[in-house]
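What follows is a predicted structure for the sequence shown.
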Amino acid sequence: MSNVLGHILTAATLAVILMKVAPILLAAIGGAVTQQGNILNIGLEGMMLIGAFASIAVGSWAGNALVGVLAAVVSALLLALLYAVATLNLKADFIVVGIGVNLLAAGLSVFLLQVLYGNPGVTPPEDSINLPRIPLGPLAHIPVIGPAIDDQTPLVWLAFICVPLYSYLLYRTRFGVHLRAVGEDEGAAEAAGISVSRMKFWSILISGILCGLGGAQLAMATLGSFTAGMTSGRGFIAVAALTFGLAKPVRTMVAAFIFGAADALADQLGVAGVNSNLALMTPYIITIVALVLAGFRLRSVLGSRSTRKPEAVPAS
């Protein structure tokens, strides 16, 4: 037991946790934006996956990590645009289209792997690209925290910066006020002159941008290569994080941190010699438990609302 704890309770583990949290947090914030507009975006997984593929394919071809990140954002944005058109213009069901986006991304990435590299499973070693790291200089010598935050990628820092940015967008801008109004009551928002479709459209595009960044972080942070299905359910974990966090900025970040820590814990348990199948199950078990707890909390909130008696109207 002490040997296992020795592998887990280290600054290196905290560094891995931050690296694992970043893509989940980026996708979760993107999904939280659409959730504020009353859209549960199940397509986060597919947007992340296609972003991860584009970051490696284009980034390695150009020999530039920034180009790879831009390609990830553009590709995920195109999927988000498809999602928006299908749901808002063609009136298809949001959940069904989200599942279709995930299947499209999974199939398209494998197809492009076969066409471009002759291998449907993974990009070749010579076609790899990694994100740069940010050294912190003297700050790296801070006990525990310093080594954990030193040499992280720019997208890790961007992921955590997105939390206050999302909070500002949601509560301090006209867009955020209108988006929350749409999520609360579409009819009342429409009556107030707010274009419901336009607000939902922009929220979906924002989620695509953030999912593309999350996919780029996932693919380019360490391996620098793409493997078929490499998101491994992280998009769904992001959905769980925003659900558990009620799509609020800080709560969503905390939930993403819990799930990212569970993912990192699974890696460290494998290194420590714990049964690999048990280690791989860890983040998904925690996700299921979190969703159950979120479901109970949501049910209690809805129950309290339904049993609340309306205030008596005074006689004129």
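Received it, and whenever you're ready, just let me know what you need. Residues are numbered from 1 along each chain as shown.

For this structure, just list every one of the helices.
2-8, 11-36, 44-62, 65-84, 94-117, 145-149, 154-172, 174-184, 186-191, 196-220, 234-244, 249-271, 276-307 (DSSP state H).

any idea how far the second one is from the chain center?
Computed by CA atoms, centre = their mean, to the nearest Å, the separation of helix 11-36 from the middle of its chain amounts to 6 Å.

Give the buried residues for that helix.
Residues 11, 13-36 are the ones in helix 11-36 that count as buried (16 or more other CB atoms under 10 Å). All C-beta spots, glycine's among them, are computed from the backbone N, C-alpha and C.

angle of it against helix 174-184?
Computed with axes from the mean of the first three to the mean of the last three CA atoms, to 10 degrees, the direction of helix 11-36 lies at 70 degrees from that of helix 174-184.

For helix 11-36, which helices and strands make contact with it?
Where contact means 3 or more CB pairs under 8 Å, 6 or more residues apart in numbering; DSSP states H and E, helix 11-36 is packed against helix 44-62, helix 145-149, helix 154-172, helix 174-184, helix 196-220, helix 234-244, helix 249-271.

pLDDT (mean, whole number) over that helix?
In this model, helix 11-36 has an average pLDDT of 91.

swap in the last one?
Helix 276-307 shows a mean pLDDT of 64 in the predicted model.

And the first one, by the same measure?
Helix 2-8 shows an average pLDDT of 49 in the prediction.

Poorly predicted segments of this structure, please.
1-9, 267-284, 287, 290-291, 293-316 (pLDDT under 70).

ok, now which ones touch residue 196?
Taking CB atoms under 8 Å, 6 or more residues apart in numbering as the contact definition, residue 196 lies against 182, 186, 189, 190.

Output those residues as TSV; include the columns neighbour count and distance to residue 110.
Formatted as TSV, the entries for the contacts of residue 196 read as follows, by neighbours: other CB atoms under 10 Å; distance: CB to CB, whole Å:
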residue	neighbour count	distance to residue 110
182	24	36
186	17	38
189	20	41
190	14	42
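
Name the nearest of these relative to residue 213.
residue 182 (24.5 Å; CB to CB).

wouldn't that closest one be in contact with residue 39 here?
No: under the criterion of CB atoms under 8 Å, residue 182 makes no contact with residue 39, lying 9.5 Å away.

For the helices of the chain, could you give me JSON lines that also reports distance to residue 138?
Formatted as JSON lines, the entries for the helices of the chain read as follows, by distance: least, CB to CB, whole Å:
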{"stretch": "helix 2-8", "distance to residue 138": "28"}
{"stretch": "helix 11-36", "distance to residue 138": "16"}
{"stretch": "helix 44-62", "distance to residue 138": "31"}
{"stretch": "helix 65-84", "distance to residue 138": "26"}
{"stretch": "helix 94-117", "distance to residue 138": "42"}
{"stretch": "helix 145-149", "distance to residue 138": "9"}
{"stretch": "helix 154-172", "distance to residue 138": "18"}
{"stretch": "helix 174-184", "distance to residue 138": "38"}
{"stretch": "helix 186-191", "distance to residue 138": "51"}
{"stretch": "helix 196-220", "distance to residue 138": "26"}
{"stretch": "helix 234-244", "distance to residue 138": "34"}
{"stretch": "helix 249-271", "distance to residue 138": "26"}
{"stretch": "helix 276-307", "distance to residue 138": "35"}
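
between those, which one is nearest to residue 126?
Proximity to residue 126 (CB to CB) singles out helix 44-62 among those, at 8.2 Å.

Export the closest one to PDB, keeping only CA atoms.
Coordinates of the C-alpha atoms in helix 44-62 are reproduced here as PDB (Å, rounded to 0.1, in the frame of the first residue of the first chain):
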ATOM      1  CA  LEU A  44     -18.500  17.000 -27.600                       C
ATOM      2  CA  GLU A  45     -16.700  13.600 -28.000                       C
ATOM      3  CA  GLY A  46     -16.800  13.800 -31.800                       C
ATOM      4  CA  MET A  47     -15.600  17.400 -31.900                       C
ATOM      5  CA  MET A  48     -12.700  16.600 -29.600                       C
ATOM      6  CA  LEU A  49     -11.800  13.600 -31.700                       C
ATOM      7  CA  ILE A  50     -11.700  15.300 -35.100                       C
ATOM      8  CA  GLY A  51      -9.800  18.200 -33.500                       C
ATOM      9  CA  ALA A  52      -7.200  15.800 -32.200                       C
ATOM     10  CA  PHE A  53      -6.800  14.200 -35.600                       C
ATOM     11  CA  ALA A  54      -6.500  17.500 -37.400                       C
ATOM     12  CA  SER A  55      -4.000  18.900 -35.000                       C
ATOM     13  CA  ILE A  56      -1.600  16.000 -35.700                       C
ATOM     14  CA  ALA A  57      -2.300  15.600 -39.400                       C
ATOM     15  CA  VAL A  58      -2.000  19.300 -40.300                       C
ATOM     16  CA  GLY A  59       0.500  20.300 -37.500                       C
ATOM     17  CA  SER A  60       3.000  17.600 -38.500                       C
ATOM     18  CA  TRP A  61       2.600  18.400 -42.200                       C
ATOM     19  CA  ALA A  62       3.300  22.100 -41.500                       C
END
